[in-house]
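1. everything below, folded, please.
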Amino acid sequence: MRGRRRHPVKSAPGAPRLLVPFAGGHLDEAVLDAALRIARADGAVFVPAYLIIVPFSISLDAPMTDAVEVALPLLEAVEQRAQKERIPVDARLERGRSLRDALRRLWDVERFDRILLPV
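-> Here you go, the predicted model:
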């Protein structure tokens, strides 16, 4: 028997977008559960965004291999969870000089209808 390939869940055009930014190598399970419940209730696209802080001592465009190696498996796991629950997902990886700067960079290029900030 062949393994099934998961197909991304498609969202309706113009669907609301729920941004959930996080950093530090983890996304709290309670935050993920809440985000998925909100996205399902709103018919929204779930947008998990891993934020990477780039020190001022290096170029903003410098490779951040260690941080990316932490972020990608985490984003993949979050995406799989959303897809398993049939919630459209559009993961992001953003860098900045601070968490606020990374969020600003994301807001400058994308539209979000709701933001769930983990505390």
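
2. would you mark the buried spots in the lengthiest strand in the chain?
-> When the chain is scanned for its longest strand (criterion: DSSP state E), the result is strand 45-53. For strand 45-53, the neighbour count (16 or more other CB atoms under 10 Å) marks 45-52 as buried. All C-beta atoms are positioned from the backbone trio N, CA, C, and that covers glycine.

3. likewise stretch 26-37?
-> By neighbour count, and taking 16+ other CB under 10 Å as the criterion, the buried residues in stretch 26-37 are 27, 31-32, 35-36.

4. can you pull the alpha-carbon coordinates of the longest helix along the chain into PDB?
-> If you go by DSSP state H, the chain has its longest helix at helix 65-84. Presented in PDB, the C-alpha positions along helix 65-84 are these (Å, rounded to 0.1, in the frame of the first residue of the first chain):
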ATOM      1  CA  THR A  65      21.300  28.400   9.900                       C
ATOM      2  CA  ASP A  66      20.900  27.400  13.600                       C
ATOM      3  CA  ALA A  67      17.700  29.400  14.000                       C
ATOM      4  CA  VAL A  68      16.200  28.100  10.800                       C
ATOM      5  CA  GLU A  69      17.100  24.500  11.800                       C
ATOM      6  CA  VAL A  70      15.000  25.100  14.900                       C
ATOM      7  CA  ALA A  71      12.200  26.900  13.200                       C
ATOM      8  CA  LEU A  72      11.500  24.600  10.200                       C
ATOM      9  CA  PRO A  73      10.700  21.400  12.000                       C
ATOM     10  CA  LEU A  74       8.500  23.300  14.400                       C
ATOM     11  CA  LEU A  75       6.600  25.100  11.600                       C
ATOM     12  CA  GLU A  76       6.200  21.700   9.800                       C
ATOM     13  CA  ALA A  77       4.700  20.100  12.900                       C
ATOM     14  CA  VAL A  78       2.300  23.100  13.400                       C
ATOM     15  CA  GLU A  79       1.300  22.900   9.700                       C
ATOM     16  CA  GLN A  80       0.700  19.200   9.900                       C
ATOM     17  CA  ARG A  81      -1.500  19.600  13.000                       C
ATOM     18  CA  ALA A  82      -3.600  22.300  11.200                       C
ATOM     19  CA  GLN A  83      -3.900  20.200   8.100                       C
ATOM     20  CA  LYS A  84      -4.900  17.200  10.200                       C
END
